[in-house]
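Return a 3D structure for these sequence lines:
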Amino acid sequence: MDAQRLLNVPHQDPLLLLVQIDRCDDPRVQCISVAGELDELSAPILQDAVVDVLCQHRPGRVEINLRGVTFLDSAGIRGLLLCRGEAERGGCELRLTDPHPMAYSVLKIVGLLDHFGIPERRARTDR
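The predicted structure follows:
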């Protein structure tokens with residue numbers, strides 16, 4: 001996609017979820033940045049964006065950057081798993097990158113770090 005694509009879900013807040021399709025250096029990889037709350041209301045927006053990317057670009061890998069995701073619940077996790085399933089059906093790998101500390105903690109608790117290719121962070125030992 002030549003232009004960045006911004007999507008949002010109507011809600012009391014002006015922006016519940018921001019999904020931005022970014023250019024990547026590698027043409028076989030599509031990058032998607034997500035910011036906001038990933039929950040029951042917003043997960044379908046991310047799923048639609050992933051399906052659009054898969055259909056339009058047929059990448060070998062999709063990377064979803066979760067740096068801006070400040071809330072992630074079970075419905076958001078389900079949405080991420082559905083995105084991964086869509087990617088696999090299209091012969092594509094899906095990875096999550098740079099998760100916000102809150103999103104990282106949730107994914108670690110439910111045991112999905114390896115599933116999404118997220119390296120485990122080491123605890124800080126400096127005191």
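
If you count neighbours, what's buried in stretch 40-59?
Under the neighbour-count criterion of 16 or more other Cβ atoms under 10 Å, stretch 40-59 has 42, 43, 45, 46, 47, 49, 50, 52, 53, 54, 57, 59 buried. C-beta: built from backbone N, CA, C; applies to glycine.

Out of those, which is nearest to residue 29?
Distance to residue 29 across these (Cβ to Cβ) is lowest for residue 59, with 5.8 Å.

So what's the gap between the longest strand anywhere in the chain and the chain middle?
In the chain, taking DSSP state E as the definition, the longest strand is strand 61-72. In terms of Cα atoms, centre = their mean, to the nearest Å, the centre of strand 61-72 is found 4 Å from the chain centre.

helices or strands up against that strand?
Using 3 or more Cβ pairs under 8 Å, 6 or more residues apart in numbering; DSSP states H and E as the contact test, the elements touching strand 61-72 are strand 29-38, helix 43-57, helix 74-89, strand 93-97, helix 101-109.

Would you mind finding the most buried of the ones you listed?
Greatest average neighbour count among the helices and strands packed on strand 61-72 goes to strand 29-38 (a mean of 22), per mean count of other Cβ atoms under 10 Å.

Run a quick neighbour tally on residue 119.
Residues contacting residue 119 under the criterion other Cβ atoms under 10 Å number 8.

Now render the buried residues of stretch 40-59 as CSV, adding distance to residue 67 and pLDDT.
Formatted as CSV, the buried residues of stretch 40-59 follow (distance: Cβ to Cβ, whole Å; pLDDT from 0 to 100):
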residue, distance to residue 67, pLDDT
42, 16, 94
43, 18, 95
45, 17, 94
46, 14, 96
47, 19, 96
49, 16, 95
50, 17, 96
52, 21, 94
53, 18, 94
54, 22, 95
57, 22, 90
59, 20, 94
